[in-house]
Each structure stands twice: as C-alpha cells, then as structure tokens.
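Asks: Just a sequence and a predicted model for now, questions to come.
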Amino acid sequence: MITSLYTWLKYIHVLAGFMFLLGHGASVFVAYELKKTKDLERMKTLMDVSAAGWPAMMLSLLVLLLAGIITGFMGGWWGALWIWVSLVLLAAITGWMFSLGGKVYHPLRKMLGMEYMIQGKPQTVDKQRPQKEILDFVAATHPHTMTLIGLGGYALMIWLMIFKPF
Ligand code: HEM
C-alpha cells in the first residue's frame with residue numbers, strides 16, 4: 001500500500017513537472033519574440049499570452065514542490081545530498097525569476113499602459129510610455145541568459161533526481 005502511494009505521488013510529481021513546462025512555455029518564447037518587434041500592440045498581446053500561462057505554471061510549481069517534499073519523506077531521501085541540491089536549485093531559480101518579473105516584465109507592462117502588479121498586488125494603469133523608451137528597455141532584456149539558467153537548472157534537477165549521484 002505504502003509503495004503504491006509512493007509511486008502515485010512520484011507520478012503526480014513528474015506530471016506537475018510537465019504541466020509546469022506547458023504553462024511556462026509561452027513566457028519562454030515571448031521573451032524572445034518581444035525583442036523582434038517594434039509594434040507596441042503586438043507586445044501587449046505577447047505579454048497577455050505570457051500571463052495566460054501563469055495559473056497553470058504557478059499551480060503546477062506548487063504541486064511539484066509539495067509532491068516532491070512528501071515523496072522525499074516517504075522514500076527516506078532527506079539524508080541524501082541530491083534532493084537538497086535540487087530543492088536549493090529550484091528555490092534559487094524561482095527567486096531569480098520573481099526578481100526578473102519585478103524588475104523587467106511587470107515594469108514593461110506598466111510602460112505599455114497595461115495592468116501590472118508589484119509584489120503580486122494589482123496597480124493602477126499608467127499612460128503608455130514613448131515607443132523609443134519601450135524598445136530600449138526591451139532591447140536590454142536577456143532571454144538567452146534566462147534560458148541558460150532556467151532550462152539548464154531544470155535539466156540539472158532532472159539529472160540529480162534520476163541518477164542520484166550523491
Ligand atoms: C526551472 C525553471 C524555471 C522556473 C522555476 C521559473 C519560474 C518562474 C516564475 C515563478 C515566474 C513568475 C515571476 C513573476 O510573475 O514575477 C517566471 C516568470 C518568467 N520566466 Fe521563468 N522559470 C523557469 C524557466 C524559465 C526559462 C527557461 C525562461 C526562458 C526565457 C523563463 C522566462 C520567464 C519570463 C519571460 C517570465 C516573465 C513572464 C511574464 O511576466 O509574463 N523562465 N518564471
């Protein structure tokens with residue numbers, strides 16, 4: 001019985017990992033597409049598409065984390081280093097993403113005259129900033145670095161969980 005519950009939780013953990021990627025995929029490609037356009041209306045649509053993935057991304061991240069923690073206890077894995085390194089990696093990448101959201105993507109919505117949030121709280125809509133200012137702001141974003149760290153970290157976490165090297 002315990003074994004089957006453990007296997008079910010592991011299944012939910014993996015499924016949540018796939019759901020997370022499904023929910024976050026739009027944001028990944030939006031980060032690149034933003035830099036290819038000068039059309040501010042298109043930018044607004046891209047930002048809306050990115051935000052559409054938020055609920056699925058956030059919910060699956062939570063499920064992924066909870067199922068991982070419980071599975072860790074059931075499997076007696078908390079004495080191993082690989083699970084701690086995975087957890088720290090996930091926390092570090094998530095924290096970094098929140099700081100980028102706060103410094104780049106929510107301010108960009110503000111500049112575009114869209115609804116935006118500061119620390120999860122909705123703010124009053126501002127007047128749209130001049131096009132040149134917005135294009136310069138977007139030009140200074142770094143989607144390749146985000147992909148390298150975000151996807152690289154994800155690949156590393158999966159490697160740690162499958163190979164359990166230490
Ligand atoms: C383990 C991998 C990743 C985790 C845990 C993660 C987590 C998150 C979280 C929690 C947010 C929400 C931040 C906020 O609303 O302030 C976010 C936003 C974002 N992430 Fe990631 N992310 C990962 C990988 C990536 C990758 C590979 C990219 C590639 C470019 C990326 C691009 C973005 C973008 C553009 C946003 C802003 C989306 C928006 O405001 O609409 N992320 N990420």
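Replies: The structure has been received and is ready for your questions. Numbers count the residues shown, from 1 in each chain.
Asks: Poorly predicted segments of the protein, please.
Replies: 1-3 (pLDDT under 70).
Asks: Could I get the full set of strands for it?
Replies: Counting by DSSP state E, the chain has strands at residues 117-118, 121-122.
Asks: Can you tell me how far the one residue in the chain that gets nearest to the ligand is from K127?
Replies: Residue nearest to the ligand within the chain (CB to the nearest ligand atom): G101, separated by 2.0 Å. For glycine as for every other residue, the C-beta is placed from the backbone atoms N, C-alpha and C. Remark: distance between G101 and K127 (CB to CB, to the nearest Å) = 22 Å.
Asks: Going by neighbour count, list what's buried in stretch 36-48.
Replies: Across stretch 36-48, burial judged by 16 or more other CB atoms under 10 Å covers 40, 43-44, 46-47.
Asks: for stretch 66-82, same thing?
Replies: 67-68, 70-72, 77, 82.
Asks: How about stretch 85-99?
Replies: Applying 16+ other CB under 10 Å to stretch 85-99 flags 86-87, 89-90, 93, 97 as buried.
Asks: Residues contacting it, please?
Replies: The contact list for stretch 85-99 (CB atoms under 8 Å, 6 or more residues apart in numbering) reads 61, 65, 68, 146, 149-150, 153-154, 156-157, 160-161.
Asks: restrict these to those near the ligand?
Replies: Intersecting the contacts of stretch 85-99 with the surroundings of the ligand, defined as CB under 6 Å from any ligand atom, gives 146, 150, 153-154.
Asks: which ones among these are found in helices?
Replies: 146, 150, 153-154 (DSSP state H).
Asks: how close does the closest residue to W78 other than its chain neighbours sit to G17?
Replies: If the residues on either side of it in the chain are set aside, W78 comes closest to G72, at 5.4 Å by CB to CB, 6 or more residues apart in numbering. Distance from G72 to G17, counting by CB to CB: 15 Å.
Asks: likewise K36?
Replies: Relative to G17, and taking CB to CB, K36 is found at 29 Å.
Asks: Please apply the same query to L59.
Replies: Taking CB to CB, one finds L59 at 13 Å from G17.
Asks: ditto for G113
Replies: 36 Å.
Asks: Who has more neighbours out of those two?
Replies: G17 (20 against 15; other CB atoms under 10 Å).
Asks: surely that one meets L64?
Replies: Yes - between G17 and L64 there is a contact under CB atoms under 8 Å: 5.6 Å.
Asks: Could you dump the buried residues of stretch 36-48 into JSON lines and include distance to the ligand?
Replies: What follows is those, written out as JSON lines (distance: CB to the nearest ligand atom, whole Å):
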{"residue": "L40", "distance to the ligand": "16"}
{"residue": "M43", "distance to the ligand": "12"}
{"residue": "K44", "distance to the ligand": "12"}
{"residue": "L46", "distance to the ligand": "9"}
{"residue": "M47", "distance to the ligand": "6"}
